[in-house]
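What follows is a predicted structure for the sequence shown.
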Amino acid sequence: MKITKTGTGTELCFALEGRLDTNTAPSLEAAVNSSIEGVTELTIDMAELDYLSSAGLRVLLGTQKTMNKQGKMKVTNVNDTIMEIFEVTGFSEILTIEKK
Amino acid sequence: MGTVNQKRKEAMKEQGLSLSQKAIADTEQVFWGGAQNTISLKLHLPEGSSMSVKEAADTALDSADIFTASLHRGKSEWTLVYGDKKKSGCSITEERFYDRAREYMDASDRLSMDIDRRLYEAEVIPLLGGGVFLYVRFHHLIIDGYGMSLFVQRVLDILAGKEIEKSVFDADSARGEAVEEDFWRQYFSDAEFEPSVFPEKSDESNMCKSVVSVPGALMEKITSFSEREHCSVPYILAAAYALYLSEATDKKDAVFLMPRLNRRPEQMDILGCYTLLVPVRVTVTQEDTFLELCKKTERAAREASAHKRVGYDRILSALRDENMISEALSEYVFNFYRFRYQTDLKYNVSFSVAGDMKNHMTLTAVYNEKGGLSLLLDYCGGVYTKEKAEDFSKALFQILSDGMENRTVSEIQSIGDAEYEKAASVKGPSFEIGTELTIPSMLKCAAKQYAEKPALYAGNKKLTFQELDELSDRIAGGLIRQGIKSGDYVAFMLKRDERLIPTIFGISKAGAAFIPVDPAYPPDRISYIMENSRAVCLISSSDVRMSNYDSYLEINDLIMQKAEPGLLPVVRQDHPAYMIYTSGTTGRPKGVMLSHKGIANIVHPDNNPFNRDITKNCKGITAIGSVCFDIFLYEIFVPLMNGLFVELGNEKAMMDAGELAEHIMRHGADILHCTPSRITAYLNNPAFTKALLNVGAILSAGEVLPGSLVRRLKDTYQIRIYNGYGPTETTIGATITEANDAQTIGKPIANMGIVLLNRERKPVPYGAVGEICIYGNGVGIGYKDRPKETEDKYIMWNGLRLYRTGDLGFFTEDGRLKYRGRNDRQVKLRGLRIELSEIENVMGEFPNIAACCCMVRKIEKTDHLVGFYTVSDQEKVDAEELKAFMKSRLTSYMVPDVLKELKEMPQTPNGKTDLKALGAESIEYVRVYREANTKKEKRVCKIFGEILGVPQIGLDDNFFELGGDSLSAVTVMLRLEEELGLSENQLEYGDFYKYPTPSLLLEKLYKKEKDVVGFHLKMLDYHGFNEYLAAHTGKSVSRVSLGNVLLTGATGYLGIHLLIELLKRPGICNKIVCLARSKKKNSAERRVKAALFYYAEEDFSQSYGEKWTVMEGDITNPDLFSESCPHKINTIINSAANVAHFSYGTALEEINTDGVRNLIRFAEKENAALCQVSTISVAGMTDGKAEKETFGEGDFYIGQEISNRYIYSKYMAEYEMLRAAVDRGLKIKIMRVGNLQGRIRDGEFQMNLRSNAFTRRLSSYVKIGAVPASVYNGSVNFSPVDETAHNIVSLAATGDEAAAFHVYPPLEVKFADLFEGIRKLGYSIDVLSDQAFQELLQKLRRTEAGREQMEGLFTDETERTRREIVVTQEETNRYIQELSEGWSMITEDYLDKYLSALDGMYLF
């Protein structure tokens, strides 16, 4: 999975490309943890994300948990299949999601 | 004269009544005692002398035997006896002036005639100043209008010295053949008419009269038209009459009655009664020229006349038998006397009919002595005023004068100019509304004027006007920073708290139009609204449950924004202010766009009496209207723009009387808006009635307001009640009544007007029923993206922009509007607006439905929705399936209570569905009656019955199927609480949906006292089962390949693990076909692959198309696949199931049982084995009476009880499979599984963990922070999903030696270990005694938050009298061993992984 970080200061965006799973989740987690301090608006752009596994979902949640304390987070450009996962898991009510 | 007398005596004879006379005698008997059926003639002879006229009259009377007749009223029939009494002759009265003489005769007309004594009275009235009147009153039994003319001619002849012949009446009683009745049925087939123009009739039935002459100029035109077009004058008049009736009743047919002579040529000179009444039907089409209409009328009248001899009574009953008419055929009679007298004498004659008026209007046209036409109007005083009668004659003149130019019907104005003017000028007061007034500007004004006054109370929050203004400024600022522009649409979906109203104003201030969205709407509707409206964004909040939305702006963030006063756009009055979605005809809601102009108008303190009242006398309103109905805007805007406060009702207050009462009392809100049925229901609640004492004014809307309710509110609570009417399309309201008028919907509000049009868009006569069309400031912009419907409903008329409501109404004399229902297929059923076509659309989508039609019909006093349908050739439709389908697609109140299949849909000749015929179709609401026995049962049934208006309610009668709705449910709830002495919260509103019959409700309420009513397993046919199962146990194991596998339910938790197993174990099967549904935009393939990746982190794309493939389909579809299956199937593994343990509806049975039936059919066709995933719960429960204590693989029905519908549906699936195996040799394997839990590999649990009963239960214990000791010390079946899937696949790949397996690990998991693991995650959980735990639950139950915490325990019913039957698995264990498979130990490490997986998903 490719992670592209953009933005400065309080606004940050991670664009994900590929598959978010057990193998790639730790790198997202690390990328987030290293730069999240002081961020008030975090965007996870899923435009190029194909698949999401349960492990990937957990990382998103952990990040959301962190962001709850310091600002806002939104997940953007979610494709239909991943959207269905958010819906079935009930996460569509926990995350701020913008569809593709 | 002597010879005549002698002859009379000689000829004394008794004769039965003729057909005409019988018809008259019939009405006489019905209206006994009044001045019935008397007709009179008034012959003015300016040069006649009393004596000569008397003698002439006597001679004329002597010349006909009918005047010697007297009536004998026998028991069985009436007869006339001729010549048995001395005739009374003609008398001479005192001298009178001309006018006095007329008055005397008019007064005498109204006297009743003693028909036992005489049948006529004749008088000569000498006139002061010369001349006489001959005044004769006849009973209609002995003479008709034509006969009177003959009589007058005889008198004139005698006076002129002519000889007259004797007249002998021959009573002709022969009726037409019965086949004539067929003619009349045919004559009226497909007729669309209305018997009366004016819908209302007072008790008065006195006859009033007026006479008008056809103006000379018009008369000339008529005469020349008649000559030029060879069209006789009577039919010209009749055509005008028909045109008037058709346009005034807004029906294509006009029906009126015509007296026709039933005389043969040789009878033309006989004095007597020969008239027969016939109905004439004229179909008036807009394209007809007036001449064509005249010809048509003539043909129709002649045809009718040719079949008159069947008798009017028989015609009526024939039509009634066919349900073609209910009561009268027509209230309108047309009569034409064309008798022209031959005489040189000076005379003037008039006829009149006396007595009470049986119909509404009789028009008699006669030639007057000047050769012109006089129209005699006899009208019923209870229907027509003098002015209305005048309007009627003017309308006829208008039609005639347009008609004589031979215009087409569409070009003919059908009412007179003055009436047209009157009909088009019903409007409210007009005054200027400043063009600068908009929602934002008015709030600014209010904020300035009422700065510190309270504006809004919501829960425990309060906002002053200034705060409200500032808060909405901030929201507007936030929106503008988000890029919201003037003219955008912004939707909001929020809870009813303090953020709601500021949001509305905020959107408005940002220049956008707001779209309210109810969080309770079905997801489909929400998505549709978002798409259709092209709203640029949705404002919502994290506390709103949403399952499908794109994204939203968090209101909590918007509130935190900075106000941007400089950036606020200018909002113009004609800008869109809001859009509201209403039920649409295409099955999709339509967005109604409204501007600020309408709001600025309706919030004006002088707009209407209600506004005037509350702005002067009241403090604030309790707003309980649904945010998606525009009445909510009235509830908030009127008070806020006028300095009153809004107490915003929460969700509960909208449904619950007690909660509403509390809201009212909080800050003394003294205004309420409510539907009448809701107030009526709430009046049973003491807290509410107490609160009502504080209420000063109520606005009722949406329904007819009952007078009794008005009186009750007025007398007991001194409340001023108003009734409002108006569609969303014209900005909330159009008319309103002042307090205490329960009869009408009042007069137009300020700057609004009403005109009632027929479908040709011509105004109907004042007082007649027409479509309510509204004009004025409130008329909205139109429907979003529906130009055709907008053009159809918003029309230009006489320079006014009108909205056609589709509602029918009529004006009372004082300009008030009365509501008469809908003109299209939109109906109101118990207060709910229902578009019948919307239901028909859904019904028509069901497979094999050829045609369908819905209507509202009465069954046992209650309105019910009834659906008729026909089925495509050689196909079948199961009514229950159809109903279930409709239930899945429509709100419950829109699902017909009765569905009836018809061989063919009745049609009118022009190809439309014949609604009339359907209305007569017999229908039956089939319900099985089970009598109530206990006191409680009787009481509940009685309450159901009283509220539903159904006399006999049985224990199994479904509240909703008998017509119950949300409103009546509230009433029943209150009554039950009261009469059964229930404590609060014992019965919840939602219970009605879960337990809709008296028995279910009682079971719910008193479960502990009663046995659970289970399903009747005993009744099934189990023959051969035991033998079959015995033959399939204890055998040695063989391995086989599964061949080509069809896997269903592959997107589910177990299904996906079965797929992974099949994919990862080469050789176990050949090809794999997954059957899956597509969902929204996600294809079946994409869904399966996404689920694979979610659980397995691999999508097996390499082998896709080769090893495995996904086919679109559904096991509830009898054909399973959308396209044909690509491979021949050897094994079906069915893991598709609906696992909802509680639901109302038939989804469980459809998927779990019917779906398996479909699979059985498929398996039999393919000769495949069917491997079914089932549940060990089918072992059921026992109260100790079961045949066995344990349930093994060789058992099926052992006397167990099953009371849960989910388990029952799975049991029935097994039953169907066993039946097919025993009867037809189907190869089956039943895999009964236990409590499926996290993967043994990593603890991963199912995606939709929130819908799993076990984890929800765990979650509740954690949230409560306590667990009862009995649970804590127990253990639970715990089946890791991956191992279960593995073992299912292994067991499936064996020969057909065995039929059932119990696939779960032998050891259970101790709850203590589970809770230990949960504690390690940092949650504290106390172990309480069972009693202490129950007490805790009781406490929690009282609050909403508490109920939320314990939600997972609701399904956890403790059974005292019954226990679960122990399930054994010796056979399965033996198999697993022989296959070298097994189960892993559940370790602490595994539990930790499992629990942290749950925790990672925010379960706790």
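Perfect, I can see it now.

Chain A: strands as residue ranges?
Assigned by DSSP state E, the strands in chain A fall at A:2-6, A:11-20, A:41-52, A:72-78, A:96-99.

Same list (these) but as a markdown table, adding distance to B:G780.
The way it works is simple: take the backbone N, C-alpha and C, and place the C-beta from them, glycine included. As requested, the strands of chain A are exported to a markdown table (distance: least, Cβ to Cβ, whole Å):
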| stretch | distance to B:G780 |
| --- | --- |
| strand A:2-6 | 45 |
| strand A:11-20 | 42 |
| strand A:41-52 | 39 |
| strand A:72-78 | 35 |
| strand A:96-99 | 31 |
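
Need these in JSON lines (columns: distance to chain B, mean neighbour count and mean pLDDT).
Compiled in JSON lines, those are given as follows (distance: least, Cβ to the nearest Cβ, whole Å; neighbours: other Cβ atoms under 10 Å in any protein chain shown; pLDDT from 0 to 100):
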{"stretch": "strand A:2-6", "distance to chain B": "17", "mean neighbour count": "13", "mean pLDDT": "90"}
{"stretch": "strand A:11-20", "distance to chain B": "7", "mean neighbour count": "19", "mean pLDDT": "92"}
{"stretch": "strand A:41-52", "distance to chain B": "4", "mean neighbour count": "20", "mean pLDDT": "92"}
{"stretch": "strand A:72-78", "distance to chain B": "7", "mean neighbour count": "21", "mean pLDDT": "92"}
{"stretch": "strand A:96-99", "distance to chain B": "4", "mean neighbour count": "19", "mean pLDDT": "84"}
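
starting at the chain centroid, how far to the longest helix along chain A?
Looking only at chain A and at elements set by DSSP state H, the helix with the highest residue count is helix A:54-70. Using Cα atoms, centre = their mean, to the nearest Å, the mean C-alpha position of helix A:54-70 is found 8 Å from that of the whole chain.

if you look at that helix, does any of it touch chain B?
Yes - residues of helix A:54-70 contacting chain B under Cβ under 8 Å from any Cβ of the partner chain: A:S54, A:A55, A:L57, A:R58, A:L61, A:G62.

helices and strands around that helix, which ones?
Other helices and strands packing on helix A:54-70, by 3 or more Cβ pairs under 8 Å, 6 or more residues apart in numbering or on different chains; DSSP states H and E, are strand A:11-20, helix A:25-35, strand A:41-52, strand A:72-78, helix B:1084-1096, helix B:1388-1400.

quick one: pLDDT of B:I539?
Per-residue pLDDT puts B:I539 at 95.

Doesn't it belong to a strand?
Yes - judged by DSSP: H, G, I helix; E, B strand; the rest coil, B:I539 forms part of a strand.

For it, which residues count as its bridge partners?
Using DSSP bridges, the bridge partners assigned to B:I539 are B:F492, B:L553.

is it true that it touches B:I559?
No - using Cβ atoms under 8 Å, B:I539 and B:I559 do not qualify as a contacting pair, with a distance of 10.4 Å.

Compare these two (neighbour count), which wins?
A count of neighbours by other Cβ atoms under 10 Å in any protein chain shown puts B:I539 above the other of B:I539 and B:I559, at 28 against 18.

give me the number of residues near the residue in chain B that chain A sits nearest to?
Nearest residue of chain B to chain A: B:S551, at 3.5 Å (Cβ to the nearest Cβ). Applying the criterion other Cβ under 10 Å, we find 16 residues in the vicinity of B:S551.

quick one: contacts for the nearest residue to B:S1275 once chain neighbours are set aside?
Nearest non-adjacent residue to B:S1275, counting by Cβ to Cβ, 6 or more residues apart in numbering or on different chains: B:E1308, 3.9 Å away. By Cβ atoms under 8 Å, 6 or more residues apart in numbering or on different chains, the contact list for B:E1308 reads B:S1275, B:V1276, B:N1277, B:F1278.

And the buried ones among these, selectable in ChimeraX?
Those of the contacts of B:E1308 that count as buried under 16 or more other Cβ atoms under 10 Å in any protein chain shown are selected in ChimeraX with:
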select /B:1276,1277,1278
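
who are the neighbours in contact with the residue nearest to A:L95 when sequence neighbours are not counted?
Spatially, and ignoring its direct neighbours in sequence, A:L95 is nearest to A:V75 (5.3 Å; Cβ to Cβ, 6+ apart). The contact partners of A:V75, by Cβ under 8 Å, 6+ apart, come to A:T43, A:I44, A:M46, A:L60, A:L95, A:T96, A:I97, A:E98.

Over to B:D1195?
Per Cβ under 8 Å, 6+ apart, neighbours of B:D1195: B:L1029, B:A1179, B:K1188.

Check which residues of stretch B:166-182 are buried.
Under the neighbour-count criterion of 16+ other Cβ under 10 Å, stretch B:166-182 has B:S167, B:F169, B:A171, B:D172, B:G176, B:E180, B:E181 buried.

The first one - nearest residue in space that isn't next to it in sequence?
The spatially closest residue to B:S167, leaving aside those adjacent along the chain, is B:A64, at 3.9 Å (Cβ to Cβ, 6+ apart).

List of residues touching stretch B:603-612?
Stretch B:603-612 has contacts (Cβ under 8 Å, 6+ apart) with B:428-429, B:431, B:433, B:442, B:601-602, B:615, B:637-638, B:641-642, B:697, B:699, B:722, B:724, B:733, B:736-739, B:749-751.

Apply the buried test to those residues and list what passes.
Buried residues within the contacts of stretch B:603-612, defined by neighbour count using 16+ other Cβ under 10 Å: B:428, B:433, B:442, B:601-602, B:615, B:637-638, B:641-642, B:697, B:699, B:722, B:724, B:733, B:736-739, B:749-751.
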